[in-house]
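Trainee: need a structure here:
(chains A and B)
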Amino acid sequence: MRQTNRALNRILLALLGLALLGAGAAVIAAGTLPGAADTWTTMASSVRDSARNLVDTAPLPDPVRSWWLVAGIAALLVGVALSAAWLASQGGGRTPRLAEQQDGAEERGGSQGAGDARGRTVVDVGLVSTALREALRGNRDVLATSVSAWESRRGTALRLRVEARKGSSPRELADTAEELIREIDALLGHPIPVLVRITSGARTQVSGSRRAR
Amino acid sequence: MNQDRIQRRMIRRETHSSRALPSIISACVLMVVFLWLAAEAVLWILKDQPLLASPSQMLQWLVDLPDTTLPAGMAATGAGLGILGLLLLGLAVGRGRKARRSLASQRAAVVVDDDVIAAALSNTTRLAAGLAPGQATTTVGGRSVRVQVRPTSGVPLDLESVTTVVDGELAAFALDRRASSSVRVLNQGAVGQ
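Mentor: Below you'll find the model as predicted:
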């Protein structure tokens, strides 16, 4: 339900993995193959020398010395910003509002009658949450419920989490949930996408199964 | 039709890992490393004391690395880096399936934990065979459902009927991934009920 960009996560993790794999292979080669150690040393020192030459090509007054140093620090800060953006792209999308509708928008410019007043109707998740909890209170197979709304590209979706008693049939729970969702559809007027999660939780472990022998 | 696509997408996202945790850890490590390098560079320009090592010291260390380190140490470090890289690559390329599966449903996308399914199958087996709690245990794997029954000593157990009940229950769940069931009756019985 979260808005995590999953493709981005996979790509970036794969790139990072490849970079680490390459570094590891280079370090192993430098440690075990005699020729590779010399290559390592010459390559690293040539990189150092070319960096020193580069610093001298675009000089600045004394405290900073070179534009290239400024550019290097800027590149590092860009790296910091990109990492922070990757971090910030995880999760998100939870909303307290299940549905929202503007009323009377097409009646404009008339006199100040009651009919053309623009109004906004917002349905809170709390409404559906309370209704579902009330409806499932008598159900002995349900230990706990939680309801949340999540924004996606195709509108808001409802997520209903049901904690099942040990040994209760998920089919029965799914049917119960479906029945309740149809009632919510009737209540709200238009259907919204719903995800039902039937889980076991901390309370499932300590609650005994229903005895019917 | 459109509704169906949304449902399938929700099920797919719920039964597969988002790889958020490895991403968060990697992003944090990258951010700290970049920040540290930038801080070292600034301190070096200002001719201040470095935090750990100035950029020139780092480069010198990198140049001398094969000469100053034991070959075994280099190999071990490289292997460690390589394993970490393989781990990340595996996370990225792997399927990342979670121990959940979806139930067929008309209106909603229903996703159930595997252990809920296992507990339900154990319960039906127990009721069908007239056993006490704990005498039937179920393991739900990727494509298989294994039920283990421990019969009561001296009371015969009809394997056929237990298998029928388990298969019927599994069919009623209408899981999206076909799971083959197998029932095993243990040789050892449970004493007295």
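Trainee: what about B:Leu186, neighbour count?
Mentor: 13 (other CB atoms under 10 Å in any protein chain shown). Just so you know, the C-beta spots here come from the backbone N, C-alpha and C atoms, and that holds for glycine as well.
Trainee: ok, and the closest non-adjacent residue to it?
Mentor: B:Arg150 (4.7 Å; CB to CB, 6 or more residues apart in numbering or on different chains).
Trainee: over to the one you found: give its phi and psi.
Mentor: phi -110, psi 100 (degrees, to the nearest 10).
Trainee: A:Ile73 - how many residues pack around it?
Mentor: Neighbour tally, A:Ile73, other CB under 10 Å: 19.
Trainee: after the lengthiest helix in chain B, next one along is what?
Mentor: Taking DSSP state H as the criterion, chain B has its longest helix at helix B:20-45. Downstream of helix B:20-45, the first helix or strand assigned by DSSP states H and E is helix B:55-68.
Trainee: would that following helix count as contacting chain A?
Mentor: Yes - using CB under 8 Å from any CB of the partner chain, helix B:55-68 reaches chain A at B:Leu59, B:Gln60, B:Leu62, B:Val63, B:Asp64, B:Leu65, B:Pro66, B:Asp67.
Trainee: neighbour-wise, which of the residues you listed leads?
Mentor: B:Pro66 (22 neighbours).
Trainee: now for the residue nearest to that residue when sequence neighbours are not counted: which residues touch it?
Mentor: Once flanking residues are discounted, B:Pro66 sits nearest to A:Ala37: 3.8 Å by CB to CB, 6+ apart. Going by CB atoms under 8 Å, 6 or more residues apart in numbering or on different chains, A:Ala37 touches A:Ala30, A:Gly31, B:Pro66, B:Asp67.
Trainee: could I get those as TSV with distance to A:Asn53?
Mentor: Shown next, in TSV, are the contacts of A:Ala37 (distance: CB to CB, whole Å):
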residue	distance to A:Asn53
A:Ala30	25
A:Gly31	30
B:Pro66	24
B:Asp67	24
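Trainee: which one of those is nearest to B:Glu169?
Mentor: Distances from B:Glu169 to these, taken as CB to CB, are shortest for A:Gly31 (58.0 Å).
Trainee: quick one: contacts for the nearest residue to that closest one once chain neighbours are set aside?
Mentor: Closest residue to A:Gly31 apart from its sequence neighbours, by CB to CB, 6+ apart: B:Met74 at 2.4 Å. By CB under 8 Å, 6+ apart, the contact set of B:Met74 is A:Val27, A:Ile28, A:Ala30, A:Gly31, A:Thr32, B:Leu65, B:Pro66.
Trainee: quick check: phi and psi at the fourth one.
Mentor: So the one you mean is A:Gly31. phi -80, psi -30.
Trainee: so it makes contact with B:Leu65?
Mentor: No - applying CB atoms under 8 Å, one finds A:Gly31 not in contact with B:Leu65, separated by 9.0 Å.
Trainee: show residues contacting the host helix or strand of B:Ile11.
Mentor: Taking DSSP H and E as the criterion, B:Ile11 maps to helix B:2-15. With CB under 8 Å, 6+ apart as the test, helix B:2-15 has contacts from A:1, A:6, A:154, A:157, A:191, A:193, A:195, A:197, B:97-98, B:100-102, B:108-109, B:111, B:176.
Trainee: give me the buried subset of those.
Mentor: Buried subset of the contacts of helix B:2-15 (neighbour count, 16 or more other CB atoms under 10 Å in any protein chain shown): A:Met1, A:Arg6, A:Ala157, A:Pro193, A:Leu195, A:Arg197, B:Arg100, B:Arg101, B:Ser102, B:Ala108, B:Ala109, B:Val111.
Trainee: so which of those sit within helices?
Mentor: A:Arg6.
Trainee: want to throw the buried ones among the contacts of helix B:2-15 into TSV with pLDDT?
Mentor: Below are the buried ones among the contacts of helix B:2-15 laid out as TSV (pLDDT from 0 to 100):
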residue	pLDDT
A:Met1	69
A:Arg6	90
A:Ala157	90
A:Pro193	90
A:Leu195	93
A:Arg197	94
B:Arg100	91
B:Arg101	91
B:Ser102	92
B:Ala108	90
B:Ala109	92
B:Val111	94
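Trainee: nearest to B:Arg146, of the buried ones among the contacts of helix B:2-15?
Mentor: Looking across those and measuring by CB to CB, the closest to B:Arg146 is B:Arg101, at 15.6 Å.
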